[in-house]
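[1] Need a 3D model of the sequence below.
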Amino acid sequence: MSGSTSLRIALGGDHAGFPLKQAVAQRLTGIVTTLTDCGTNSAESCDYPDFAIAVAKEVIQGRADRGIVVCGSGVGVSVAANKIPGIRAAVCHDTYSAHQGVEHDDMNVLCIGGRIIGSELAFEIIDAFLQARYVPQDRHARRLTKVLDIEKLGLGVFD
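    As a prediction, the model looks like this:
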């Protein structure tokens, strides 16, 4: 990770993401302002939605600025996290998507597949995610407003 990042981060993962989550926690300690470990704390089988919810709760309640969730593929935690109003989560296995997701879409939760990428690439992706800032250009703000409107409508979008 490059330099010190003044961010509060919530970190979580299931059993499949546990080894990478532990490596990320070790790497982020001392680099971010606050690191909240939302579990799991072992490689014993557990359910990924529990950790997506725990991380999302930290972000939504303002105790974390951003969240990182790790499962086997990153897909499960992304699906679960995106069910929570106010969370904009995406699976990113490259640095471009990680920073562009923040800059254009105001992504606030990064999802990674612990069985898909190694720790060094994960560190680069996380660095891109943490260093990025939302750029509220007209086209980005317009699109984000539409996403937020969909969230408010829920199933009403189909009426």
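[2] Tell me where the model's unsure across this structure.
    For the chain, the stretches with pLDDT under 70 are 1-5, 155-159.
[3] Can you list the neighbours in contact with the longest helix seen in it?
    The single longest helix within the chain, with elements called by DSSP state H, is helix 138-153. Helix 138-153 is contacted from outside by 85-86, 88, 103-106, 134, 136, 157, using CB atoms under 8 Å, 6 or more residues apart in numbering. Any C-beta I mention is one placed from the backbone N, CA and C, and that applies to glycine too.
[4] do that again at 10 Å, thanks
    82, 84-88, 103-106, 134-137, 156-157, 159 (CB atoms under 10 Å, 6 or more residues apart in numbering).
[5] Check stretch 21-28 too.
    Counting by CB under 10 Å, 6+ apart, 1, 5, 7, 9, 11-15, 17, 34-35, 37-41, 43, 51, 68-71, 112, 114, 118-120, 122-123, 126-127, 130 sit against stretch 21-28.
[6] distance between that stretch and the chain's centre?
    Computed by CA atoms, centre = their mean, to the nearest Å, the chain-centroid distance of stretch 21-28 equals 14 Å.
[7] Just the ones in helices from the contacts of helix 138-153, please.
    103-105.
[8] Counting neighbours, which of these end up buried?
    103-104 (16 or more other CB atoms under 10 Å).
[9] Can you redo the ones in helices among the contacts of helix 138-153 as JSON lines, where the extra columns are distance to residue 21?
    As requested, the ones in helices among the contacts of helix 138-153 are exported to JSON lines (distance: CB to CB, whole Å):
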{"residue": "103", "distance to residue 21": "25"}
{"residue": "104", "distance to residue 21": "27"}
{"residue": "105", "distance to residue 21": "24"}
